[in-house]
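Undergrad: Here is my input; please provide its structure:
(one chain, ligands or ions: 2)
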Amino acid sequence: MNRIFSGIQPTGNLHLGNYLGAIRNWVRLQDTYNCVFCVVDLHAVTVWQDPVELRNSTREVAAALIASGVDVKQHILFNQSQVPTHAELAWLLNCVTRMGWLNRMTQFKEKAGKNRENASVGLFSYPNLMAADILAYKTTHVPVGEDQKQHLELTRDIAQKFNHDFGVDFFPVVEPIITGVATRIMSLRDGTAKMSKSDPSENSRITMVDSAEDIARKIRKAKTDPLDLPSDKAEFSGRPEAENLMRIYAALSDCSVDKVLIKFGGQQFSTFKQDLADLAVATLAPIQDEMRRLMAEPDAVDAVLRDGAQRARDISEPILQEIRDIFGFLR
Ligand code: AMP
Ligand code: TRP
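TA: Residues are numbered from 1 along each chain as shown. Ligands and ions are numbered 1, 2, ... in the order given. The predicted model follows:
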C-alpha cells in the first residue's frame, strides 16, 4: 500500500481551513493508504513559541485530529520532536538543497516580511525539514492545502537531486493530494487573504474551539458585498467574499459549488449566513465535544503520541540508516 505523510503545526487557533483543507481529507484517506500524521512542533519553533502554550497546542491539535476521526491504532499519530530522524535528515537535506531554491519560497517571504535579516535560520530552511518529514518514511502521497504546493515541488526536487547526486533510485517521487472545494479557505474579513492561524483579527477565522454563538456571530459579521448571492460561477469575479462563503458551504455540506449556486443564487446574504452558521455548528459540535473529553485526559493524549512516535521511529530509523550509508558515514 502507498504511504501518506502529512503535518500540521501546533501554533494555536486551529481553524476551519485546517479542518476542511487538511484534517477531513486525512481522515478520508485512511481507508486507502498507510498514514503517518504528525504534529510538527519542530516547525512551530521557527518562530518563538511560549513553552507552556506549545505543549498545550500540541495536545490540542492531537485531540482535534483524534476527535475528527484519525484512527491512531491503524495509523500513526505523533509529535515530530519525539522522532530524532526528522532533525537529522533535515540536516543532511540542508546539504542537498541549493540556496537559490529556498530563496524562491513564497511562504518564507510572506512570513519573514520586511524583516528578513532578523528571521530565524530555521524559518528559512523550514522546507528542508518538511522534505525530511516526508522522505524519512519514503512517502508516496502528501495531502495538503493549496498553500503547501510549492514546498512539495521543492521536496520532489530535493529527492531527485539526492537520487541523481548519489546515483541511486532511493526516494520515490512524491505526489501531492490537493483536492476538494476547500483547498484554500479565505479569511472572513478579506476574501483575498488566506484564513490563517496568525491573522490578528479573531473574526477572520472560525476556530475548532469556537462556541456555537461565536461561530454564528463571526459568520453574521463576515464581510460581503451589497449584491444578492451569485447564481453562476462567472459571477464570482470581483466577489471573493461571496465565493469563499459559498465554497465553505459546499465543503461543509459535501456537495459541489454548482449545487450551492443553484440553491442560494439570487437570495440575500442574511438567510444564507444563518444556514451556513447552522451547518458549521452542526459539523463542528460533535468534534468539539470529543475534543473537550480528550483534553480533560491529557495523559491519555500524551500516551497516544508516545506510542505513535515509537512506531514512527521503527519505520524511519532503518530508512535513515540507509541514507547514512549512501552518504558514506562510518558506523
Ligand atoms: P498549518 O496551519 O500551516 O500547519 O497547515 C496545516 C494544513 O492545513 C496544511 O495542509 C495546510 O495546507 C492546510 N491549510 C492551512 N490553512 C488553510 C486554508 N486557509 N485553507 C485550506 N487549507 C489550509
Ligand atoms: N508546512 C506545513 C504547513 O505549514 C506543515 C507540514 C510540515 C507538512 N511537514 C509536513 C505538511 C509534511 C505535509 C507534509 O502547513
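
Undergrad: is it true that residue 59 touches residue 303?
TA: No. Using Cβ atoms under 8 Å, residue 59 is not in contact with residue 303, being 11.4 Å away. For the C-beta atoms, the positions are set from N, CA and C on the backbone; glycine is no exception.

Undergrad: So which of those two has more stuff around it?
TA: residue 59 (21 against 11; other Cβ atoms under 10 Å).

Undergrad: any idea how far ligand 1 is from the more buried one?
TA: Per Cβ to the nearest ligand atom, to the nearest Å, residue 59 is found 16 Å from ligand 1.

Undergrad: Helix or strand: which one has that residue?
TA: Using DSSP states H and E, residue 59 maps to helix 51-68.

Undergrad: before we move on, what about residue 124?
TA: Short version, using DSSP H and E: residue 124 is in helix 121-135.

Undergrad: List the buried residues for that helix?
TA: Across helix 121-135, burial judged by 16 or more other Cβ atoms under 10 Å covers 123-135.

Undergrad: Report the next helix or strand after the helix holding residue 59 in sequence order.
TA: Next in sequence after helix 51-68, counting helices and strands by DSSP H and E, comes strand 76-79.

Undergrad: Just the buried residues of the next helix or strand after that following strand, please?
TA: Using DSSP H and E, the helix or strand that follows strand 76-79 in sequence is helix 85-94. By neighbour count with 16+ other Cβ under 10 Å, helix 85-94 contains the buried residues 85, 86, 88, 89, 90, 92, 93.

Undergrad: Rounded mean pLDDT for helix 85-94, please.
TA: Confidence over helix 85-94 (mean pLDDT, whole number) is 98.

Undergrad: Could I get the full set of strands for the stretch 101-250 of the chain?
TA: Taking DSSP state E, counting those that start in this stretch, the strands of the stretch 101-250 of the chain run over residues 141-143, 175-177.

Undergrad: most packed of those?
TA: Highest mean neighbour count among the strands of the stretch 101-250 of the chain (mean count of other Cβ atoms under 10 Å): strand 141-143, with a mean of 22.

Undergrad: just to revisit the earlier point, kindly present the buried residues of helix 121-135 as a markdown table, with separate columns for distance to residue 205.
TA: Below are the buried residues of helix 121-135 laid out as a markdown table (distance: Cβ to Cβ, whole Å):
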| residue | distance to residue 205 |
| --- | --- |
| 123 | 22 |
| 124 | 26 |
| 125 | 28 |
| 126 | 22 |
| 127 | 24 |
| 128 | 29 |
| 129 | 25 |
| 130 | 23 |
| 131 | 28 |
| 132 | 29 |
| 133 | 25 |
| 134 | 27 |
| 135 | 31 |
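
Undergrad: which pair in the residues you listed spans the largest distance?
TA: 123 and 135 (20.3 Å; Cβ to Cβ).

Undergrad: just how off-centre is stretch 90-108 within its chain?
TA: Relative to the centre of its chain, stretch 90-108 is centred 20 Å away, using Cα atoms, centre = their mean, to the nearest Å.

Undergrad: Same question for stretch 8-23.
TA: Using Cα atoms, centre = their mean, the offset of stretch 8-23 from its chain centre is 6 Å.

Undergrad: That one and ligand 2, are they touching?
TA: Yes. Applying Cβ under 6 Å from any ligand atom, one finds stretch 8-23 in contact with ligand 2 at 8, 9.

Undergrad: Same check on stretch 63-83?
TA: No. Applying Cβ under 6 Å from any ligand atom, one finds stretch 63-83 separated from ligand 2 by no less than 7.7 Å.

Undergrad: and the helix holding residue 124, what does it pack onto?
TA: Secondary-structure packing of helix 121-135 (3 or more Cβ pairs under 8 Å, 6 or more residues apart in numbering; DSSP states H and E): strand 3-8, helix 41-44, helix 85-94, helix 99-103, helix 106-112, helix 149-165.

Undergrad: Taking their axis directions, it and strand 3-8 sit at what angle?
TA: Per axes from the mean of the first three to the mean of the last three Cα atoms, to 10 degrees, the angle that helix 121-135 makes with strand 3-8 is 150 degrees.
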